[in-house]
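Asker: One predicted model, sequence on top.
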Amino acid sequence: MNYFFAFIKQSFKESTKSRVVFFINIFGKIIFFIINFYLWQAIFNYDGRGVINGLTMEETINYMLFVSIMYGLLSTNIHRIVMKDVKNGYINIKLLRPLDYGLGHLAMALGQNIYSFFLEIIPSLIIAIFFFNFKIYGIFYFLLSFISFFLAIILNFFIDLNFSLINFKFIDTYSAVNFAKSVFKSLFSGEIVPLNFFPQIMQQIFKFLPTTYLFYTPIMIYLGKLSGADIILSFIFQLIFIIFFYAIYKFFWKMLTKSFEGVGV
Amino acid sequence: MPDNIIEVKNVSKSFKKYKRGDSFFDAFKSLFHREFERIHALKNVNFEIKKGEILGYLGPNGAGKSTMIKLMCGILEPDSGTIKALNYTPSKDREKYVKNIGAVFGQKSNLWTDLPAIDTFRLNKEIYKISEHDYKKRLDELVELLDVKEIIKSPVRNLSFGERMKCEFIASLLHNPKILFLDEPTVGVDVVAKQNIRNFIKKINKEFGVTVILTTHDIGDVESLCDRIIILDKGVHVYEGSIPLLKKNYLSYKELIVYFEKETKNIELPNCEVIESEPFKATLRVDILNTSISQAIQNLMEKYKVEDLDIKEESIESIISRIYKSEKK
């Protein structure tokens, strides 16, 4: 497992090379904050009710602010990496290393996330608290939500990794697959609106969808909406989904690398 | 098989290759229906590689060299036939097997371009589970041999190509591999660096006992390095043996450069072809399959007044290109 940490370290080092990215990211976040802050205020004022689908205006705004803060952690570029590797033949070199392709890239993604945590999440959290009234409902819930987010990052990585294997069979699918996938994911993960806004029947289905555990569950934990038992159950669900998607990846990886031809690369 | 480090038996490999017309309609049609043909990259290939040798694996572009290298590395699986390397079946035991091999593909970098090479080396230390002591010792040796003490500390993208190649070599040798695969290691490298790299390959072969398998288009590499060469064309081995043997078996002519005492025209000699003719000088190609060079010189001396004489052998490059061409008929 040592190599795993070595990869994290390496990737962290690599992320620090660009300072411009840092400022652009923070600037982007602030725009997101402003949009969500005023949009949801307008929605609630128009509606007139104090509570929509079980969330108050303040909770809904904080929900959306938290989404904006954490957004960067839950997006991967694994699809592009696999595409490049397959297209340019770098996959050949990576296959020459005695390690698991997916785990290596997971470690790299985590390394980037550590970088993002310090230079993106914490600064934007501070901005949100001071300028957008971002409220912490309880330090305990807040910390638990970070554990949930941590598992969500891994789960999200393995979901994306599975999609990225399409590259082995069909090249240049980056924009198409990514578009379809992100529409589905952003809708059903609670990234665009909290999942409470969906009809009751769909909410029952959501419990068994992996996407629910990406944004919705961690943020519900942060808002203090889940009981202790529900929180533990959600962690278990996340772990099960992680193992599930890892197993699928392993299966397809074996099959695809076997039939991979890589001519001319 | 204690001597043979790799054994390849009856290996064949084919690929699908999609065909598509160039008209707009063809492009549209290819969305729904695609035609393909099977390309037979390797046909029933057999050979062994002995422990501690430097093998040159040659062939024109598209001959199947890279495919064979990938098969031996375990990246690809043969359609039929077996490959045994270090008692592993590369494609089946890939993760265990690749710990024992190193590879430098001239066109593809193993290094993290934005970081100094030393960072990649440290990462490799963890990937290959090299102990701190072994890592230090090995790194010092390799850095010494290649003289790159300062180079490994600056980001790879700022290095010249030759410097980068040297770092590639270190990265691929840190874990003390038993076999080293080199795919065109000197392509795009200047003359001095080329010489350094060749000397380095010789040294690691002699001192560390690494078996080297080398593909290249540079005949200089072959002549200065390889104990044995295999020439591959259209997926079939067309020659296997040492370079002296290649010369002995395939050398078909020698060239005589003759300087005459006086102006000489219309030279005619049996089994000799005039390639170039100037008033006081001529280049003759002697067909040594039908006559000996001494016989040709004798004939020449008897007929003409010769002042000086040079004998040139056909170059290895020309022999190999002849082998490539003859196979295509």
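Answerer: It's in. Numbers count the residues shown, from 1 in each chain, chains lettered A, B, ... in the order given.
Asker: Looking at the stretch 101-250 of chain A, what residue ends up closest to chain B?
Answerer: Closest approach between the stretch 101-250 of chain A and chain B, counting by CB to the nearest CB: A:G104, at 8.3 Å. Placement of C-beta: from N, CA and C, glycine included.
Asker: what pLDDT does that residue get?
Answerer: Confidence at A:G104, expressed as pLDDT, is 90.
Asker: Next: A:S175.
Answerer: As summarised for this prediction, A:S175 has a pLDDT of 76.
Asker: just to revisit the earlier point, check which helix or strand the residue of the stretch 101-250 of chain A closest to chain B maps to.
Answerer: Assigning secondary structure by DSSP states H and E places A:G104 in helix A:101-116.
Asker: where do the helices sit along the chain?
Answerer: By default, I'm working from chain A. Using DSSP state H, the helices assigned to chain A run over residues A:2-15, A:20-47, A:57-70, A:78-88, A:90-95, A:101-116, A:122-131, A:139-164, A:174-188, A:200-206, A:216-222, A:228-259.
Asker: right idea, wrong chain: chain B
Answerer: Along chain B, the segments classed as helices by DSSP H run B:24-29, B:65-73, B:94-97, B:117-127, B:132-146, B:161-173, B:191-207, B:219-225, B:243-250, B:293-303, B:316-328.
Asker: angle of the fourth one against helix B:132-146?
Answerer: With axes from the mean of the first three to the mean of the last three CA atoms, to 10 degrees as the basis, helix B:117-127 and helix B:132-146 are set at 140 degrees to each other.
Asker: And helix B:117-127, what does it pack against?
Answerer: Here helix B:117-127 touches helix A:2-15, helix B:132-146, helix B:161-173, going by 3 or more CB pairs under 8 Å, 6 or more residues apart in numbering or on different chains; DSSP states H and E.
Asker: And for the second one?
Answerer: Helix B:65-73 is packed against helix A:90-95, strand B:4-19, strand B:35-50, strand B:54-58, strand B:80-85, strand B:179-183, strand B:211-215, with contacts defined by 3+ CB pairs under 8 Å, 6+ apart.
Asker: and the first one, how far from the chain's centre?
Answerer: Mean C-alpha position of helix A:90-95 versus that of the full chain (CA atoms, centre = their mean, to the nearest Å) differs by 26 Å.
Asker: For the chain, which residues score under the pLDDT cut-off?
Answerer: Using chain A. Under the criterion pLDDT under 70, the flagged ranges of chain A are A:1, A:262-265.
Asker: was after chain B, sorry
Answerer: Counting by pLDDT under 70, chain B shows low-confidence ranges at B:1-2, B:327-329.
Asker: May I have stretch B:250-270 exported as CSV, CA atoms only?
Answerer: Taking only C-alpha atoms (Å, rounded to 0.1, in the frame of the first residue of the first chain), the coordinates of stretch B:250-270 have been written out as CSV:
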residue,chain,number,x,y,z
TYR,B,250,24.2,-12.5,-47.4
LEU,B,251,27.2,-10.5,-48.6
SER,B,252,26.7,-10.6,-52.4
TYR,B,253,29.2,-8.1,-53.7
LYS,B,254,32.2,-6.0,-52.8
GLU,B,255,33.1,-2.8,-54.4
LEU,B,256,36.5,-2.0,-56.0
ILE,B,257,37.5,1.6,-56.3
VAL,B,258,40.2,1.8,-58.9
TYR,B,259,42.5,4.7,-59.7
PHE,B,260,44.1,4.4,-63.1
GLU,B,261,47.5,5.6,-64.3
LYS,B,262,46.0,7.0,-67.5
GLU,B,263,42.6,7.8,-68.8
THR,B,264,40.6,4.6,-69.1
LYS,B,265,37.2,4.2,-70.7
ASN,B,266,34.8,1.3,-71.4
ILE,B,267,36.0,-1.0,-68.6
GLU,B,268,34.9,-4.6,-69.1
LEU,B,269,35.6,-7.4,-66.7
PRO,B,270,33.8,-10.7,-66.1
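Asker: Okay, buried residues for it please.
Answerer: Buried residues in stretch B:250-270, counting neighbours by 16 or more other CB atoms under 10 Å in any protein chain shown, are found at B:Y250, B:Y253, B:K254, B:E255, B:L256, B:V258, B:F260, B:T264, B:L269.
Asker: what about the closest residue to the first one other than its chain neighbours, neighbour count?
Answerer: On the basis of CB to CB, 6 or more residues apart in numbering or on different chains, the spatially nearest residue to B:Y250 that is not a chain neighbour turns out to be B:I319, at 4.9 Å. For B:I319, the number of neighbouring residues by other CB atoms under 10 Å in any protein chain shown comes to 21.
Asker: these two touch, right, B:I319 and B:L246?
Answerer: Yes. Using CB atoms under 8 Å as the test, B:I319 is close enough to B:L246 to be in contact (6.4 Å).
Asker: ranking the helices and strands packed on helix B:117-127 by burial, who's on top?
Answerer: Between those, the one whose residues have the most neighbours on average, counting mean count of other CB atoms under 10 Å in any protein chain shown, is helix B:161-173 (a mean of 22).
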